[in-house]
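Asker: have a look at this prediction, sequence included:
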Amino acid sequence: MDEAIQDYSYPKETFDEYNKRAFLVYDKIKSEKIHRIYPHETICSVNRCYVINNGQIYFTDGDHPSQYIADIIVKKILSRIDFHSF
């Protein structure tokens, strides 16, 4: 009988190396109007980044978050928007 994979992750160092150049470029952009959201803060622990965690799928492919993770990221974005300033 096939059982669903409950957990699958990779070393956070792998994530850091893969995204190193992107962080260098984006972190150079400075503006008071930019509020950075770092998705890895949602998908990674101190040592591991998750593709599947407790049976919950985090990615639909190698780069794109699942709906579950996208919803969490959207909540983080919305929490930083000052809707009274419009």
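Answerer: Cool, got the structure. Residues are numbered from 1 along each chain as shown.

Asker: so which elements touch the strand ranked longest in the chain?
Answerer: Longest strand of the chain, by residue count under DSSP state E: strand 48-53. Applying 3 or more C-beta pairs under 8 Å, 6 or more residues apart in numbering; DSSP states H and E, one finds that strand 48-53 contacts strand 8-11, helix 12-26, helix 40-43. Placement of C-beta: from N, CA and C, glycine included.

Asker: which other helices and strands does the longest one contact?
Answerer: What it means is helix 12-26. For helix 12-26, the packing partners by 3+ C-beta pairs under 8 Å, 6+ apart come out as helix 40-43, strand 48-53.

Asker: most packed of the ones you listed?
Answerer: Among those, ranked by average contacts under mean count of other C-beta atoms under 10 Å, first place goes to strand 48-53 (a mean of 18).

Asker: how about the spatially most central residue of the chain, nearest residue that isn't a chain neighbour?
Answerer: In the chain, the centroid-proximal residue (C-alpha atoms, centre = their mean) is residue 39; its distance is 2.3 Å. Nearest non-adjacent residue to residue 39, counting by C-beta to C-beta, 6 or more residues apart in numbering: residue 73, 5.6 Å away.

Asker: what separates residue 76 from residue 21, distance-wise?
Answerer: Using C-beta to C-beta, to the nearest Å, we find residue 76 at a distance of 23 Å from residue 21.

Asker: among these two, which residue is more densely surrounded?
Answerer: Neighbour totals were compared for residue 76 and residue 21, and residue 76 leads with 15 against 9 (other C-beta atoms under 10 Å).

Asker: what helix or strand is that one on?
Answerer: Residue 76 is part of helix 67-80, with elements assigned from DSSP states H and E.

Asker: show the average pLDDT along that helix.
Answerer: On average, the pLDDT along helix 67-80 is 93.
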